[in-house]
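K.L.:
here is my input, please return the structure:
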Amino acid sequence: MKALVVLMLLAAFSVTTLSACNTMAGAGRDVQAVGEKVEDKAEDCKDGKC
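P.N.:
Modelled structure (predicted):
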């Protein structure tokens, strides 16, 4: 019985961790996309096209 409880806790922790990784990866892609837009705008302003 004790092993089953430990196994269930481990499974719950694993699922939570994997979900968090996917969420952080998605957030990272969003931040990267925003950064690319800022870089593009900065390049446009540098060329005098603001």
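
K.L.:
from here on, contacts and neighbour counts on C-alpha atoms
P.N.:
Noted.

K.L.:
quick one, helices of this protein?
P.N.:
Counting by DSSP state H, residue ranges of the helices within the chain are 2-46.

K.L.:
just for it, where's the confidence low?
P.N.:
Filtered on pLDDT under 70, the chain yields no residues whatsoever.

K.L.:
at 90 instead, please
P.N.:
Across the chain, the ranges flagged by pLDDT under 90 are 1-2, 12-27, 43-50.

K.L.:
what's the neighbour count on Gly48?
P.N.:
Here the count is done by other CA atoms under 10 Å, and Gly48 has 8 residues near it.

K.L.:
and it, how far from Asp40?
P.N.:
13 Å (CA to CA, to the nearest Å).

K.L.:
can you check Cys50 too?
P.N.:
In this view, Cys50 and Asp40 are 11 Å apart by CA to CA.

K.L.:
the more surrounded of the two?
P.N.:
Neighbour tally, Cys50 and Asp40, criterion other CA under 10 Å: the higher count belongs to Asp40, 12 against 9.
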